[in-house]
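Peer 1: let me see the structure of the following:
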Amino acid sequence: MKNAKTLFSRVKMMTVPLCALLISVYFAAHGFKSITSQNKLHEEITALEERQKEIRSMRDNLDLHVGLLSSNHVDPDYLDELARKDLGFSHPDEIIFQNK
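Peer 2: Just a heads-up that it's a prediction; the model follows:
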């Protein structure tokens, strides 16, 4: 009988720390800053950094084209290329091949 009382008192003393430990483990596994959430965030960061590199290269390309058409100095070769491509201008003695 005395053993049962001491066992019951030990279990009673361990209930609160055990519940606290279980709650901590649950939130460590499923909480906002859990391991799985950290992995998902890391994958998302990697994808967004890749997208940023693509956008940066597109922007650099556009900056180059804007620089060629700046109001201070227009590159005549680039202007000629754009006029031929977009407006269909050509000289009368030129033969034009179109790829479709």
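Peer 1: top helix in this protein by residue count?
Peer 2: As assigned by DSSP state H, the longest helix anywhere in the chain is helix 35-68.
Peer 1: care to break this protein down by domain?
Peer 2: Split into domains by automatic domain parsing, the chain comes to 1-30, 33-90.
Peer 1: can you get me a residue count around residue 68?
Peer 2: If you count neighbours by other Cβ atoms under 10 Å, residue 68 ends up with 15. The way it works is simple: take the backbone N, C-alpha and C, and place the C-beta from them, glycine included.
Peer 1: how far away is it from residue 7?
Peer 2: Residue 68 sits 86 Å away from residue 7, going by Cβ to Cβ, to the nearest Å.
Peer 1: low pLDDT regions in the chain?
Peer 2: Scanning the chain for pLDDT under 70 picks out 1-2, 4, 32, 96, 100.
Peer 1: tell me, what residue is most central in it?
Peer 2: The centre of the chain sits closest to residue 48, judged by Cα atoms, centre = their mean, with a distance of 1.1 Å.
Peer 1: how close does it get to residue 71?
Peer 2: Residue 48 is 35 Å from residue 71, by Cβ to Cβ.
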